[in-house]
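**Student:** pasting the structure only:
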């Protein structure tokens, strides 16, 4: 089973079928919606940007936009997808405009904040080193548990494009993780 | 960690995602409520500042409008701040079933709807194409249920997903000297190829709903096409009227006039004196250059070729094939979608900005016969964010706002 990080996801079932956090009810209130989704989406954006504070800001902004038009958003078939898409678009713009990727890579060499340990560090570093499209596809697939079709819909591209991103992203990740592994072995030798 | 297979990927990401969720520290939802509330307050303060300016100061652009003065100073800072769609939308109430802002107070003060109040509202409207019979069937007006006519720029929306009758803009202005401030709504529908717009005065119906209290103008797309509205500096509402409804870049520059409407008076032509912030010509072009490493740089140049400052700009584009990868933005296939891929800041007259995208074409061997002949291309266009400000937004020469770039087999040789 593809692990799904959406909090209301049932323990079984197909990826994607469990991708959305809460079935939207007409009476769903914003605070419930926020509580159910904010950590999950922030975690994904954190993995994408590599900066926790920035991820928190970007996701907060996405939820502000949702609240500002809540009467409309709440009626959408999938409000979570709307917020996630806005958050990802904000993050993409943010990375592109401010060169965060490079700064992120630099920061990894002099980590200040408490970072995840062990394999998580490897994964974080490896993610930071692959292209943004590939990184986004891998995170949406394996962290958000979206299907290829759902990623394609969010990104506005063909499913074949997403498959290509995933294939290339996984290959790039695998290569980087293998390198990390070799370095680790050398250090312990 | 060894080179992972699929299962290892899943397990590693599951653990990683769990850790990431625990590490982040999102703000409480009360903070989100507070931020949105403050934005509404800011918007209200901006409107109040504008009203104060209108009453107290004969601003430069009022002089232009009323006396033909050629001075072309921008409005005061408070009025030049752009009103984003979400800010506009946020001026309404949040909770469904809640009486729209202002309506609960009762009394003799007129109740003015905001943009957000009218989204989803049911209104009895004039026909969009009076006398045109069944052509009006596409635009129900008895009543019309108004949809949000402002695309969600940040998420790349290019056109409005709902409809068929849209609320495009709401301005608050006094329509007669010494009279109360009233709400004028610009509404649109697309009964055929082009959009048809009308301007109506809307007020609370005293029962928690809204009603049209006056009809200002129903545009004629073939000869007197209402395009946009803006509050007049002193009294009335300004109506931008085009020679005909634009149908894209193919029909050349489309002329315009600006009329001032005041209750009980004839329309007054104020084209030469009205402040024309946002009425300008946006030009776009693209060049591609070989980087020598299998990638190409496409440089999009966007220029304000007109005489007035622009508003923010939205760039939309698509690519013709999956064989052409664009690194920096998510660009849909032209056969499937046409979406916004970037937002640009306002440009002064004569100012240009460039945007670069890295293109990676697949090897020529993978190209089809047509692609070998014509190359792999992307194309798009640039527009101002329409209906997003208390001023006009109009590109009077749409012929130069499109762009295209390509990599041909010859280039790849």
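**Tutor:** Sure, I can see it. As the structure is a computational prediction, the values presented were derived from the model and not from experiment.

**Student:** list the buried ones in stretch B:237-245?
**Tutor:** Residues B:237, B:238, B:239, B:240, B:241, B:242, B:245 are the ones in stretch B:237-245 that count as buried (16 or more other C-beta atoms under 10 Å in any protein chain shown). (Each C-beta comes from the backbone N, C-alpha and C, glycine too.)

**Student:** Distance from that stretch to the middle of the chain?
**Tutor:** Centroid separation for stretch B:237-245 versus its chain: 17 Å, with C-alpha atoms, centre = their mean, to the nearest Å.

**Student:** which SS state does residue A:54 fall under?
**Tutor:** helix (DSSP: H, G, I helix; E, B strand; the rest coil).

**Student:** check which helix or strand covers residue B:403.
**Tutor:** strand B:402-407 (DSSP states H and E).

**Student:** Given that strand, what are its sheet partners and their directions?
**Tutor:** Strand B:402-407 pairs in its sheet with strand B:376-384 (antiparallel), by DSSP bridges.

**Student:** what pLDDT, on average, does the strand it pairs with get?
**Tutor:** Average pLDDT, strand B:376-384: 92.

**Student:** for stretch A:48-63, same thing?
**Tutor:** Average pLDDT, stretch A:48-63: 89.

**Student:** which of the residues in it are buried?
**Tutor:** For stretch A:48-63, by 16+ other C-beta under 10 Å, it's A:48-52, A:54-63.

**Student:** residue contacts, residue A:154?
**Tutor:** Contacts here follow C-beta atoms under 8 Å, 6 or more residues apart in numbering or on different chains; on that basis residue A:154 touches A:81, A:84, A:85, A:88, A:140, A:146.

**Student:** Kindly recompute the last result at 7 Å.
**Tutor:** A:81, A:85 (C-beta atoms under 7 Å, 6 or more residues apart in numbering or on different chains).

**Student:** pLDDT wise, what is it at?
**Tutor:** At residue A:154, the pLDDT value in this model is 79.

**Student:** cool, and residue A:8?
**Tutor:** With respect to pLDDT, residue A:8 scores 31.

**Student:** looking at the chain, which helix or strand is least sure?
**Tutor:** In the absence of a named chain, chain A is used. In chain A, the helix or strand scored least confidently by mean pLDDT, DSSP states H and E is helix A:100-109, which has a mean of 47.

**Student:** hmm, I had chain B in mind actually
**Tutor:** When the helices and strands of chain B are compared on mean pLDDT, DSSP H and E, helix B:77-80 comes out lowest with a mean of 30.

**Student:** Residue A:160: neighbour count?
**Tutor:** Residue A:160 sits with 12 neighbouring residues when counted by other C-beta atoms under 10 Å in any protein chain shown.

**Student:** residues near the residue lying closest to it once chain neighbours are set aside, how many?
**Tutor:** Leaving out its chain neighbours, the residue that sits closest to residue A:160 by C-beta to C-beta, 6 or more residues apart in numbering or on different chains is residue B:322, at 5.8 Å. By other C-beta under 10 Å, 15 other residues sit near residue B:322.

**Student:** May I have the residues that are in contact with residue B:322?
**Tutor:** A:158, A:160, A:161, B:333.

**Student:** Let me know the helix or strand that residue 172 is in.
**Tutor:** By default, I'm working from chain A. Per DSSP H and E, residue A:172 falls inside helix A:159-188.

**Student:** think we crossed wires, I meant chain B
**Tutor:** Residue B:172 is located in strand B:165-174, with elements delineated by DSSP H and E.

**Student:** Distance from that strand to the middle of the chain?
**Tutor:** Put simply, strand B:165-174 sits 13 Å off its chain's centre (C-alpha atoms, centre = their mean).

**Student:** Need the residues that contact the helix or strand that that strand is followed by.
**Tutor:** Using DSSP H and E, the helix or strand that follows strand B:165-174 in sequence is strand B:181-189. Defining contact as C-beta under 7 Å, 6+ apart, one finds that strand B:181-189 is touched by B:110, B:112-113, B:118, B:125, B:128, B:139, B:146, B:149, B:164-175, B:195-203, B:216, B:228-229, B:237.

**Student:** Just say helix, strand or coil for residue 32.
**Tutor:** I went with chain A, as the question did not name one. helix.

**Student:** do the same with the one 5 residues further on
**Tutor:** Look at residue A:37: counting by three-state DSSP, its state is helix.

**Student:** For it, report the pLDDT, please.
**Tutor:** 94.

**Student:** residues near it, how many?
**Tutor:** Using other C-beta under 10 Å, residue A:37 has 26 neighbouring residues.

**Student:** what about it, distance to chain B?
**Tutor:** Relative to chain B, residue A:37 is positioned 10 Å away (C-beta to the nearest C-beta, to the nearest Å).

**Student:** Residue ranges of each domain in chain B, please.
**Tutor:** B:32-275, B:280-412 (automatic domain parsing).

**Student:** Just the pLDDT for the residue of chain B found nearest chain A.
**Tutor:** Of all residues in chain B, residue B:14 sits closest to chain A, at 3.1 Å by C-beta to the nearest C-beta. pLDDT recorded at residue B:14 is 85.

**Student:** Quick check: which element contains it?
**Tutor:** Using DSSP H and E, residue B:14 falls in helix B:6-23.

**Student:** mind listing what's buried in that helix?
**Tutor:** Residues B:9, B:10, B:12, B:13, B:14, B:15, B:16, B:17, B:19, B:20, B:21, B:23 are the ones in helix B:6-23 that count as buried (16+ other C-beta under 10 Å).

**Student:** Show me what that helix is packed against.
**Tutor:** The contact analysis (3 or more C-beta pairs under 7 Å, 6 or more residues apart in numbering or on different chains; DSSP states H and E) places helix B:6-23 against helix A:30-49, helix A:119-128, helix A:132-142.

**Student:** Let's see that with 10 Å instead.
**Tutor:** Counting contacts by 3 or more C-beta pairs under 10 Å, 6 or more residues apart in numbering or on different chains; DSSP states H and E, helix B:6-23 packs against helix A:30-49, helix A:52-68, helix A:119-128, helix A:132-142, helix A:159-188.

**Student:** Quick one: mean pLDDT over the shortest one.
**Tutor:** Taken as a whole, helix A:119-128 has a mean pLDDT of 77.

**Student:** same check, this time on the fourth one
**Tutor:** Computed over helix A:132-142, the mean pLDDT rounds to 89.

**Student:** Run the angle between the next helix or strand after that helix and helix A:132-142 for me.
**Tutor:** Downstream of helix A:132-142, the next assigned helix or strand under DSSP H and E is helix A:148-155. Here the directions of helix A:148-155 and helix A:132-142 differ by 130 degrees (axes from the mean of the first three to the mean of the last three C-alpha atoms, to 10 degrees).

**Student:** what comes up buried for helix A:148-155?
**Tutor:** By neighbour count on 16+ other C-beta under 10 Å, the buried set for helix A:148-155 is A:148, A:150, A:151, A:152, A:153, A:154, A:155.

**Student:** Equivalent analysis for stretch B:273-288, please.
**Tutor:** B:273-284, B:286, B:288.

**Student:** what's the burial count for residue B:352?
**Tutor:** 14.

**Student:** tell me the contacts of it?
**Tutor:** Taking C-beta atoms under 10 Å, 6 or more residues apart in numbering or on different chains, we find residue B:352 in contact with B:283, B:284, B:285, B:301, B:302, B:303, B:304, B:305.

**Student:** again, only using 7 Å
**Tutor:** Each residue near residue B:352 by C-beta under 7 Å, 6+ apart is listed here: B:301, B:302, B:303.

**Student:** Many thanks, I have nothing further to ask.
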